[in-house]
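Student: Dropping the sequence and predicted coords here.
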Amino acid sequence: MLDRINKAQRDIDAACEILGRQINIMEVCGTHTVSIFRNGIRSILPSNLKLLSGPGCPVCVTGQGYIDAVLQLADRDDCLIATYGDMIRVPGKDGSLEIKQAKANIKIVLSSEDALQLAKDNPDKTVVFVAVGFETTAPATSVVVKEAAAGSVENFCILSGHKLVVPAMRALLSEKNHNINAFLCPGHVSAIIGYGAFAEIVEDFSRPCVVAGFEPVQIIEGLCEICRQLSAGKAELKSMYFAVVTEKGNIAAQQIIDECFEPVDGYWRGLGEIQKSTLKLKDKYAQFDAFRRFSISEEPSEEIKGCRCGEVLCGLIEPPECGLFGRDCTPQEPVGPCMVSSEGACAAWFKYGREKRRKL
Amino acid sequence: MCLAIPARIIELEADKAVVDAMGNRFKAKTTLLPEAKLGDLVLVHAGFAISLVDEEEAKKTWQLIAEINEFMDTQNRVSG
Ligand code: SF4
């Protein structure tokens, strides 16, 4: 194992020397971010190779307007809010779910199935499932929407904030002042959409896209592959996560997403509105759409004052460049979502950023 | 939240499975992976099996999860 790491490291050094200029590789997956920090991978890279943590943490990219919509529903006495634990501490205009938890109508669930069960167990309340996440969680939401429809569970609905990864990557590369030379693509999202989904990024923007697993050796070899391509002046699509990811991905999961959802324009923190980037329930499932049921919408809302999560998510600044980092904003008392989520770049920097490299 | 956990299917009835990951048993559904069989190792994400995985990969991921859990415990929070 160490041999492989050493070889990849030597190859990275050699490629970066040939390149002779600054290159930036963005990872678009919160689990990669944590693994990169946990294993001190940044500290073994040559000085002209920089890793940027992109919009890979679902909690972090969720727009402020969506959070405010959830909080608005949490205030209703006729609703039960079912949410993944990660969302609970994200601050909105008016508190957070955690603060409102005292009202006892907020339940943490581990899966969408649990949310549906909650609806069956509480027929006198409307259960709203806070459906966030990328293509990995969207199929799980689709399954329960279909189950709710088949079983006529009328007191169940979802507030879809599901996001699609590829449109966000396109949006980043369409920004004039972006500084991204290549992407380390997310492993588990790719298990669903297949690595073939990134072909359009390679073709349209000439940026290498390499899917990697989460182990240090897999990440380093993924980075090595990217450096090799860049130094050869190439941009190619490659998956190095052979055990899990195929070119076409999980077709059953893609089909069920298509059956329930359609991509519409949607807001991302930091990136603003992105075309066809957010999943909305199709008309035939309208009765399970919390936006339509309660006639609410996701209004673009002001971001938290002083918090620079938006710039962090676009790879424009590193967390310590935020004036609040580490003093006013810590994992214990987070100001923005990138510090709330354990997969957020600010939280990872806080926990590991200042530590020395650990043994690989 | 994007982390998927490798687990072995130890009971399976239609699309309802009981899986085992590092000695923890929990329920998972195989709706999204209709080809999954009893005894298979699968990646489970938010209560659903999303892909098959091999033994070696599963071991590596378990190790990583143990470490991330340690991280999250220090943050004192539940993850989806
Ligand atoms: S350190 Fe805190 S306030 Fe600053 S960008 Fe990160 S989450 Fe926002």
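Tutor: Received, thanks.

Student: in the chain, which ranges drop under the pLDDT threshold?
Tutor: Since you didn't name a chain, this refers to chain A. Applying pLDDT under 70 to chain A flags the ranges A:102, A:354-360.

Student: hm, I was asking about chain B
Tutor: Those would be B:1-3, B:67-80, if you go by pLDDT under 70 across chain B.

Student: can we see that at 90?
Tutor: By pLDDT under 90, the weakly predicted segments of chain B are B:1-5, B:22-24, B:46, B:54-80.

Student: By residue count, tell me the biggest strand in it.
Tutor: For chain B, the strand with the greatest residue count under DSSP state E is strand B:5-13.

Student: Neighbouring strands of that strand in the sheet, and parallel or not?
Tutor: Using DSSP bridges, the strands paired with strand B:5-13 are strand B:16-21 (antiparallel), strand B:41-45 (antiparallel).

Student: can you tell me which of those strands comes nearest to residue A:201?
Tutor: strand B:41-45 (23.2 Å; Cβ to Cβ). Heads up, the C-betas are built off the backbone N, CA and C, glycines and all.

Student: For the lengthiest strand in chain A, buried residues please.
Tutor: Criterion DSSP E: the longest strand present in chain A is strand A:272-281. Of the residues in strand A:272-281, A:274, A:277, A:278, A:279, A:280, A:281 count as buried by neighbour count, 16 or more other Cβ atoms under 10 Å in any protein chain shown.

Student: Need the phi and psi values for residue B:52.
Tutor: Backbone torsions for residue B:52, taken as degrees, to the nearest 10, come to phi -80, psi 160.

Student: follow-up on the earlier one: is any residue of the longest strand of chain A near chain B?
Tutor: No: on the criterion Cβ under 8 Å from any Cβ of the partner chain, strand A:272-281 is out of touch with chain B, staying 15.1 Å away.

Student: ok, and what's touching the helix or strand following that strand?
Tutor: Sequence order places helix A:290-293 as the next helix or strand after strand A:272-281, per DSSP states H and E. Helix A:290-293 is touched from outside by A:69, A:73, A:126, A:128, A:157-160, A:280, A:286-287, A:296-298, with contacts defined as Cβ atoms under 8 Å, 6 or more residues apart in numbering or on different chains.

Student: How far off centre is helix A:290-293?
Tutor: Helix A:290-293 sits 24 Å away from the centroid of its parent chain (Cα atoms, centre = their mean, to the nearest Å).

Student: show me the contacts for residue A:63.
Tutor: A:161, A:266, A:267, A:268, A:269, A:298, A:300, A:301 are the contacts of residue A:63 under Cβ under 8 Å, 6+ apart.

Student: Adding neighbour count, secondary structure and distance to residue A:5, write those out as CSV.
Tutor: Listed next are the contacts of residue A:63 as CSV, based on neighbours: other Cβ atoms under 10 Å in any protein chain shown; DSSP: H, G, I helix; E, B strand; the rest coil; distance: Cβ to Cβ, whole Å:
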residue, neighbour count, secondary structure, distance to residue A:5
A:161, 25, coil, 38
A:266, 24, strand, 39
A:267, 22, strand, 40
A:268, 23, strand, 34
A:269, 26, coil, 34
A:298, 21, coil, 44
A:300, 12, coil, 45
A:301, 16, coil, 45
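
Student: and which of those is nearest the ligand?
Tutor: Ranked by distance to the ligand (Cβ to the nearest ligand atom), the contacts of residue A:63 are led by residue A:269 at 9.9 Å.

Student: ok, now how distant is that closest one from residue A:140?
Tutor: When distance is defined by Cβ to Cβ, to the nearest Å, residue A:269 is 23 Å away from residue A:140.

Student: ok, now which ones touch residue A:91?
Tutor: So residue A:91 contacts A:67, A:304, A:334, A:335, A:336, A:337, A:340 (Cβ under 8 Å, 6+ apart).

Student: The ligand next: which of the residues you listed are close?
Tutor: A:335, A:336 (Cβ under 6 Å from any ligand atom).

Student: Out of the contacts of residue A:91, give me the one that has the most neighbours.
Tutor: residue A:337 (30 neighbours; other Cβ atoms under 10 Å in any protein chain shown).

Student: Is it correct that that one is in contact with residue A:90?
Tutor: Yes: when contacts are counted by Cβ atoms under 8 Å, residue A:337 is listed as touching residue A:90 (4.9 Å).

Student: Pull up the overlap in contacts between the two.
Tutor: Joint contacts of residue A:337 and residue A:90 (Cβ under 8 Å, 6+ apart) are A:59, A:62.

Student: Let's have the contacts of helix A:290-293 in CSV, adding secondary structure.
Tutor: Formatted as CSV, the contacts of helix A:290-293 follow (DSSP: H, G, I helix; E, B strand; the rest coil):
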residue, secondary structure
A:69, helix
A:73, helix
A:126, strand
A:128, strand
A:157, strand
A:158, strand
A:159, strand
A:160, strand
A:280, strand
A:286, helix
A:287, helix
A:296, coil
A:297, coil
A:298, coil
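
Student: these two touch, right, residue A:277 and residue A:163?
Tutor: Yes: Residue A:277 is in contact with residue A:163 according to Cβ under 8 Å; the separation is 6.1 Å.

Student: Quick check: neighbours shared by those two?
Tutor: What both residue A:277 and residue A:163 touch, as defined by Cβ under 8 Å, 6+ apart, is the set A:266, A:268.
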